[in-house]
Each structure stands twice: as C-alpha cells, then as structure tokens.
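**Q** Need coordinates for the following:
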Amino acid sequence: MINLEKEIREQPAALAKVVDLNLPVIRQIVEKAKAAGVKNIYFAARGTSDHACVYAQYLFGIFAGIPCALGTPSVFTKYGAHVDLSDNLVIGVSQSGKAEDVLAVLESAKKDGAITVALTNNEDSPMAKCAEFHLFCGCGHEASIAATKTFTSQMTTLGALAAVWAGNDDLLAAFRALPEKAQEMLDTKYDEIMAFASKYQNIPGAILLGRGISYCIALEGALKMLETNKLKMKGYPTSDFHHGPIAQVKPGDLVFVLSPKGATSGDSKDIIAKLQNVEADVVVVTDDASEAPEGTTAVVLPATGCEFTFPQIAVMFFQLLACCMTIVRGIDPDLAGVINKITITK
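**A** Purely as a prediction, here's the structure:
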C-alpha cells in the first residue's frame, strides 16, 4: 500500500486521540488568553496548514466572536517589517514545525510579549521549542508528500480550541464523534470513489467551490488533486465565484460543489443552477442527498449531524479521490518530482 493511502486510513485512529491529547494545553491557552484580554487571533501557516487555519477562522468567528487574521509571513521575512502582535494570540501551524517564515512570526510575536502557540506534528521542532504553548498532532510520522492525517488533526485541534474558548460542549462532542464517521467513510465509499476516479481519469482539471465552513475544503481538495495528479485544479469560495470566475466555465467542465446541509445550502443551490445553465458537469459533495438537484451527480458522505465537522469527512473524499486517481493514472504520489515533503520558505 502506498504511503498516501496508508496515511489516509490512519485518520480515524489519529482523530480518536487528538482532542484529549491536547485538551489540557488548550485549557491553559484559553485561560491565559482570556485573563490577558486577548481579542484577536493571528495565524501563520503555509499550504495545507494554512487551509486548517481558514477552517479555524470560521469557527472562532461563529462560536466565539473572535476576529482572526491569516498572517503574511513575508512581511516579516522579506520586507523586514515589525507588526505589533502584542495583544494577539499568535498561532503558528506547520506539519514539520520547520517552516522558517512561520517561525519568524512566532519569534517576533514572542518579543512583543504575545501569547504564542505552535501546532505541529514534531515535538522537537524549532516552532515547538519557540512557542510558549505546543499543540501536538500526535498522529505518527507522515511520509506521504501530500498531507492527510496531519491536516485533519490540525483542523480538529484548532476546532477543539475554538470550542473550549466558546464554552461549547456540543461542538467539542462533535469533534470526539468524528473517528466513527471517518471510519465509516473509509469502509463504505472507497469502491464508489475508485469508480469515480476511473470515469474522470482523463480530465485536464476541475474547479472546487465551497462557502463558509466548507471553503477550506475547496482549497485543500484542489491542492490534494493537483499535487498528486498534476491536474489544474482551483478552489474558490462560492460567493466569489459569482463575481467573474464563473465566466471560465465551459460546457462539460467538471465542477465540484461542497454542499453540506446547513447555513450555506441556499448559496450552493444558486451556484449549481448557474453552472447547469452553462452545461457544466456538476458534482455535489454533500451529507444529504436533497442538496443535489436533478441533473447533478451526488456524492453523499456519512453525515456527522454537525455541519462544522462535515469538512473533516469531505476532505477525506478528495484525499481518496486523489489517491484513486493516481492508481488509475499510473502515478506514484510519493514521487512528486518538484515537491518535497518538508517545504522551507523564508
């Protein structure tokens, strides 16, 4: 079994322990941040880790009313500027904990007296040692170039932080319930996804759309597909797609619409109608078959009963699709050419 599939299948076990593994430190972070009167969170990350921060940005806004900024590390490293982060909770996220530009943000914030947190899968990494608090993915070594189990572990750890901050026990319980649904996803959907991969193995690329809590998966799903299969993929927020980008869609173009049952259902239906008008090939990735109108292809995933944990299951669909596509296309995803597992940006 290739590393990519092996690590996709390790996610239920990883998710089963990541919340309780980090809960004591999470409570310390929240206690200190609230005592200090922190009103803003500043995230620093790259690539897949940045997509986990997009997910967290929505959760903190929705449940805790906390504004979150997605940091711009090059402001620190390339322009030599000082950004005063003294009143922020500053969270650096990196699978390896070796991202030099993210580390630079943490170091600058630490000098400002900010509360700093590193979320990594390496307890001995520079970021883990730099930050005041360390949150640990704890999901074992990840060999695949395409991050899978570290991404869902990052999402769920940041989600648990938002739940504790907001005092929302129901949300925390939803994260604890994820392992069972993740296993159900692996047990029941693989054959369907392999057939889907065979059908679409010769596509030149596709577009992924998601709004709100699903937007991060439009970004991450596109990244998984392009880095493993060298396809031209692009993720957009559904709301922005109306404002110009829809002009690129031609008859027969493949468009995935992430549409969990919930707050953004109406927006999904609106964009699907427009896509059908231009005769796009629309695939609706959902947890409720009623979200997929006639004339679309429905991919119905195991329902978690919480739209805010739909992204963890939805990303597994794209991880598995990327993996299955490499199989039918004869690609070794562990030999990605120009891509390295640990990417050091400065």
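
**Q** make it CA atoms for all contacts and neighbour counts henceforth
**A** Noted.

**Q** can you tell me the average pLDDT over stretch 26-37?
**A** What stretch 26-37 shows for mean pLDDT is 98.

**Q** With stretch 3-23 instead?
**A** In the prediction, stretch 3-23 has an average pLDDT of 97.

**Q** For it, list every residue counted as buried.
**A** Across stretch 3-23, burial judged by 16 or more other Cα atoms under 10 Å covers 3-5, 7-12, 14-19, 22-23.

**Q** now stretch 186-194
**A** The neighbour-count check on stretch 186-194 (16+ other Cα under 10 Å) flags 186, 189, 193, 194 as buried.

**Q** repeat for stretch 247-254
**A** Neighbour counts over stretch 247-254 (16+ other Cα under 10 Å) mark 249, 253, 254 as buried.

**Q** cool, and stretch 205-215?
**A** By neighbour count on 16+ other Cα under 10 Å, the buried set for stretch 205-215 is 205, 206, 207, 208, 209, 210, 211, 212, 213, 214, 215.

**Q** which residues in this protein form strands?
**A** 40-44, 68-70, 88-93, 115-120, 133-136, 205-210, 232-237, 254-258, 281-286, 297-300 (DSSP state E).

**Q** Note down every partner strand of the third one and its orientation.
**A** When sheet partners are counted by DSSP bridges, strand 88-93 sits next to strand 40-44 (parallel), strand 115-120 (parallel).

**Q** From the ones you listed, pick the one with the highest average neighbour count.
**A** strand 115-120 (a mean of 26; mean count of other Cα atoms under 10 Å).

**Q** longest helix anywhere in the chain?
**A** The single longest helix within the chain, with elements called by DSSP state H, is helix 11-35.

**Q** Show me the contact partners of that helix.
**A** 89, 115, 133-139, 148-149, 152-153, 156-157, 160-161, 164-165, 175-176, 178-180, 182-183 (Cα atoms under 8 Å, 6 or more residues apart in numbering).

**Q** List buried residues within these.
**A** Using 16+ other Cα under 10 Å as the burial test, these include 89, 115, 133-139, 148-149, 152-153, 156-157, 160-161, 164-165, 175-176, 178-179, 182-183 as buried.

**Q** Can you list the low-confidence ranges for this structure?
**A** Scanning the chain with the threshold set as pLDDT under 70 gives 1, 336-346.

**Q** just to revisit the earlier point, the buried residues of stretch 247-254 into CSV, with extra columns for distance to residue 300?
**A** Shown next, in CSV, are the buried residues of stretch 247-254 (distance: Cα to Cα, whole Å):
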residue, distance to residue 300
249, 24
253, 21
254, 17
